[in-house]
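**Q** Sequence first, predicted coordinates after that:
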Amino acid sequence: MRIPLPRSRPTVRRRSPGVAVLVVCGWTLAGGLSAAPEPAVAGRDAEGISRALVSIRRKVSGSVPLTRAYEQAKALHRESPGRPDLAWAFARACFDRCEVLASKPVRIAVAREGVEACRSALKTFPTEAGCHYYLGLNLGILAQSQPLRALGHVREMESAWQASRLLDPTFDHAGADRSLGMLYAECPPPPIGVGSRTKARSHLAKAVELAPAHPGNRLEWVEYLERDGDAEAARREFQALRDGLPTARERFHGEAWNAAWEGWQVRIDALEQRLRARPTPGRKTQGS
């Protein structure tokens with residue numbers, strides 16, 4: 001699930017779980033969301049949190065008729081408000097629609113619909129992984145649009161994804177581990193943010209382990225290894241990514257995946273250029 005984006009440096013986001021799950025995760029909802037707005041985060045720390053949010057956004061997905069899908073999901077949710085699967089399906093449609101909305105007020109309003117749908121469902125169904133997952137994504141939209149509360153939203157996003165991965169680690173092709181890995185990789189470290197190289201590496205590797213066929217998982221992993229200076233591992237994992245592309249194209253095909261493949265291909269081509277430009281240590285070059 002890659003939320004569509006170019007690798008630049010912009011904003012942060014994601015969601016919330018049931019009491020039992022929160023105890024297991026070691027997080028508390030009270031600690032994740034402040035009652036009052038968070039103080040503004042200054043300078044490079046604010047930039048780092050912003051970058052984390054944008055990073056996550058660009059990596060999630062793009063449905064095709066977004067407005068129509070949103071309206072249909074909303075109607076189904078209204079007809080059966082007690083069904084948690086329809087709640088997270090509506091929240092997913094909210095998140096996807098927000099990706100193409102130019103109006104900030106409308107984007108906030110739609111994201112809030114997604115957040116409320118998930119929170120309402122979680123009161124009755126605290127173990128619904130999809131609701132935790134999409135709660136986090138829609139909170140990300142709010143974090144980008146409400147920078148003074150970004151850090152509070154980020155902490156709740158972290159808690160939500162932790163809950164989702166405990167409940168169903170394979171949901172959305174290991175989306176919770178993928179999202180956590182990106183969040184930890186891009187966010188500044190405590191006390192300003194939740195960033196951690198160790199956690200980023202652990203979650204991104206886990207996403208590949210759980211859903212190796214998903215190109216987004218391997219791309220995140222390869223890009224992280226490259227940024228972390230592990231060029232040899234990056235090249236090895238990139239080759240595994242390339243070897244699996246024919247199978248992935250058969251599995252993840254159709255209109256709903258077109259936008260994702262466009263973004264993945266751009267990143268694959270860029271990695272090809274960068275990794276080939278760096279000779280493998282110990283390998284003799286032509287003429288040497």
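**A** Perfect, thanks for sending it.

**Q** Pass me the low-pLDDT residue ranges in the chain, would you?
**A** Applying pLDDT under 70 to the chain picks out residues 1-51, 53-54, 56-64, 277-288.

**Q** What ranges does it have for its strands?
**A** In the chain, no strands are defined using DSSP state E.

**Q** and it, what are its domains?
**A** Per automatic domain parsing, the domain ranges recorded for the chain read 1-206, 212-278.

**Q** OK, contacts around the closest residue to residue 67 other than its chain neighbours?
**A** Leaving aside its sequence neighbours, residue 67 sits nearest to residue 97 (CB to CB, 6 or more residues apart in numbering; 6.4 Å). Quick note: C-beta positions are derived from backbone N, CA and C, even for glycine. The contact partners of residue 97, taken as CB atoms under 8 Å, 6 or more residues apart in numbering, are 66-67, 69-70, 110.

**Q** from these, which single one is nearest residue 173?
**A** Taking CB to CB as the measure, residue 173 lies nearest residue 69 of the contacts of residue 97, at 19.2 Å.

**Q** What count of nearby residues applies to that closest one?
**A** Close neighbours of residue 69, defined as other CB atoms under 10 Å, add up to 18.

**Q** For residue 119, see how far away the residue most central in space within the chain is.
**A** Closest to where the C-alpha atoms of the chain average out (CA atoms, centre = their mean) is residue 179, at 3.5 Å. From residue 179 across to residue 119, the span is 18 Å (CB to CB, to the nearest Å).

**Q** likewise residue 202?
**A** 28 Å.

**Q** Likewise for residue 100?
**A** Using CB to CB, we find residue 100 at a distance of 24 Å from residue 119.

**Q** Residue 230 too?
**A** On the measure of CB to CB, residue 230 and residue 119 end up 39 Å apart.

**Q** same deal with residue 174?
**A** Using CB to CB, residue 174 is found at 24 Å from residue 119.

**Q** what about the two, which has more around it?
**A** Comparing residue 174 with residue 119 by neighbour count (other CB under 10 Å), the higher total belongs to residue 174, at 26 against 17.

**Q** Just list the residues touching the more buried one, thanks.
**A** Residue 174 makes contact with 165, 206-211, 214, 217, according to CB under 8 Å, 6+ apart.

**Q** which residues does the residue nearest to residue 121 when sequence neighbours are not counted contact?
**A** With CB to CB, 6+ apart as the criterion, residue 121 has its nearest non-adjacent residue at 3.7 Å, and that residue is residue 87. Contacts of residue 87 were listed using CB under 8 Å, 6+ apart, and they are 77, 81, 117-118, 120-121, 128, 131.

**Q** returning to that earlier point: show me which pair in the contacts of residue 97 is furthest apart.
**A** The distance between the two most remote of the contacts of residue 97 (CB to CB) is 12.3 Å, for 69 and 110.

**Q** Can you give me the buried ones in stretch 185-192?
**A** For stretch 185-192, a neighbour-count test (16 or more other CB atoms under 10 Å) marks 185-188, 192 as buried.

**Q** Return the member of these nearest to residue 139.
**A** Looking across the buried residues of stretch 185-192 and measuring by CB to CB, the closest to residue 139 is residue 187, at 14.1 Å.

**Q** I figured that closest one hits residue 195, correct?
**A** Yes - Residue 187 lies in contact with residue 195 (CB atoms under 8 Å); the separation is 3.8 Å.

**Q** Would you format the contacts of residue 87 as TSV with distance to residue 140 included?
**A** Formatted as TSV, these follow (distance: CB to CB, whole Å):
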residue	distance to residue 140
77	20
81	24
117	15
118	13
120	19
121	18
128	19
131	15
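
**Q** Drop anything exposed from those.
**A** Among the contacts of residue 87, those scoring as buried are 77, 117-118, 120-121, 128, 131 (criterion: 16+ other CB under 10 Å).

**Q** Farthest-apart pair in those residues, please.
**A** Spatially, the most separated pair among the buried ones among the contacts of residue 87 is 77 and 128, at 13.5 Å (CB to CB).

**Q** Now go through the buried residues of stretch 185-192 and say which are in helices.
**A** 185-186 (DSSP state H).

**Q** Alright, that wraps it up for me.
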